[in-house]
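K.L.:
here are the coordinates; sequence isn't available:
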């Protein structure tokens, strides 16, 4: 059943993003796919994040985050920022600080800078709502990465429960 | 700037779904693209919905909703269920009632049945969190529709504000 549930949930459509966080002069970034727009006025994005994730605390304390849209061929970046390591994952990569101080990847197709608005419970995750205060398309022709196309890269199939209940 | 924001937000990746609701023997369904998984245990989906939408009240009162994944070539279904009309949009189409009584479309690639868990504020929308209690893949080979590929079908470009603030 576990495999069936993984296969079923792959029929939902998610992108692949690198989320940048910044707090007290420290920066970090991590790969996420549970991101979507949730409001037009104000412009809000929702991000579902595991509260044990070290970047969750940085996001809440810093009050800002970036959403960097990965191009479909850059699986290497998705994999790099998905590693569960405590080293500075931005080291050696091309990035700059956005208006809100969050890291923006130079290789992103597009980026959004968000100010933390509020959060709500979401089972084993937290749903963080951010107001989009800045952003731009950097490569108008490039195609965004689709989470479905990353296959078993993130090992998420093992995270599904055995059954619905 | 308005066109620029529409173009920017199209770099986010969303699917296209028909959301079914059911309350006191009445059924309805509508097209939505702001849907994503937000938790593994329990299995939760989030749906952003406008609170003035007539189906929002039905969803909350009925306490259940379905998420039907549209195949990429069925723009006709996305358009049909996106119409802002008060008629029964399910009439004449192939559907059945799921375990939780919600409408499940026979032409969906896959479907999820959810029980309302809780909701939270999301600007001009409400973020509804549902626990997935049932679901199945109906067409394993078919490709899901990507919201980006529906172009200007839903007229959403006019809903973006002039600028970020």
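P.N.:
Okay, I see it. Note that the structure is predicted; figures quoted are calculated from it, not measured.
K.L.:
mind listing what the residue nearest the centre of chain A touches?
P.N.:
Centroid-nearest residue in chain A, with C-alpha atoms, centre = their mean: residue A:32, separated by 3.2 Å. Contacts for residue A:32 (C-beta atoms under 8 Å, 6 or more residues apart in numbering or on different chains) come out as A:16-19, A:47-49. C-beta coordinates here come from the backbone N, C-alpha and C atoms, glycine included.
K.L.:
What about chain B: which of those touch it?
P.N.:
Among the contacts of residue A:32, proximity to chain B is found for A:16, A:48 (C-beta under 8 Å from any C-beta of the partner chain).
K.L.:
and residue A:86, how many neighbours does it have?
P.N.:
8 (other C-beta atoms under 10 Å in any protein chain shown).
K.L.:
ok, the nearest residue to it once chain neighbours are set aside to chain B distance?
P.N.:
Leaving aside its chain neighbours, residue A:86 sits nearest to residue A:54 (6.9 Å; criterion: C-beta to C-beta, 6 or more residues apart in numbering or on different chains). Residue A:54 is 19 Å from chain B, where distance means C-beta to the nearest C-beta, to the nearest Å.
K.L.:
Look up phi and psi at residue A:54.
P.N.:
Backbone geometry at residue A:54, expressed as degrees, to the nearest 10, gives phi -60, psi -30.
K.L.:
Settle this for me: it is touching residue A:26, isn't it.
P.N.:
No. Residue A:54 lies out of contact with residue A:26 (C-beta atoms under 8 Å); the separation is 10.7 Å.
K.L.:
Please name the bridge partners of the residue nearest to the centre of chain A.
P.N.:
Per DSSP bridges, the residues bridged to residue A:32 are residue A:17.
K.L.:
Retrieve the pLDDT associated with the closest residue in space to residue A:125 that isn't next to it in sequence.
P.N.:
Nearest residue to residue A:125 in three dimensions, chain neighbours excluded: residue A:48, at 4.5 Å (C-beta to C-beta, 6+ apart). With respect to pLDDT, residue A:48 scores 98.
K.L.:
Now for residue A:48, how many residues are close by?
P.N.:
Neighbour tally, residue A:48, other C-beta under 10 Å: 22.
K.L.:
dump the residue contacts of it.
P.N.:
A:32, A:34-35, A:122, A:125-128, B:36-39, B:46 are the contacts of residue A:48 under C-beta under 8 Å, 6+ apart.
K.L.:
Please tell me how far residue A:35 sits from residue A:158.
P.N.:
Note on residue A:35: its distance to residue A:158, by C-beta to C-beta, to the nearest Å, is 22 Å.
K.L.:
Show me which of the two is the more surrounded one.
P.N.:
More neighbours surround residue A:35 than the other of residue A:35 and residue A:158, with 25 against 10 (other C-beta under 10 Å).
K.L.:
Might one say that that one is in contact with residue A:67?
P.N.:
Yes. Assessed by C-beta under 8 Å, residue A:35 is found in contact with residue A:67 at 5.8 Å.
K.L.:
can you list residues touching both of the two?
P.N.:
Contacts common to residue A:35 and residue A:67, judged by C-beta under 8 Å, 6+ apart, are A:17, A:19, A:45, A:47, B:12.
K.L.:
And the next helix or strand past the helix or strand harbouring residue A:116?
P.N.:
In the assignment (DSSP states H and E), residue A:116 maps to strand A:110-122. Proceeding N to C from strand A:110-122, the next assigned helix or strand is strand A:125-137, under DSSP H and E.
K.L.:
Okay, buried residues for that following strand please.
P.N.:
Using 16 or more other C-beta atoms under 10 Å in any protein chain shown as the test for burial, strand A:125-137 gives A:125-135, A:137.
K.L.:
What helices and strands are in contact with it?
P.N.:
Packing contacts for strand A:125-137, counted by 3 or more C-beta pairs under 8 Å, 6 or more residues apart in numbering or on different chains; DSSP states H and E, involve strand A:44-49, helix A:54-62, strand A:110-122, helix B:2-9, strand B:35-39, strand B:110-122, strand B:125-137.
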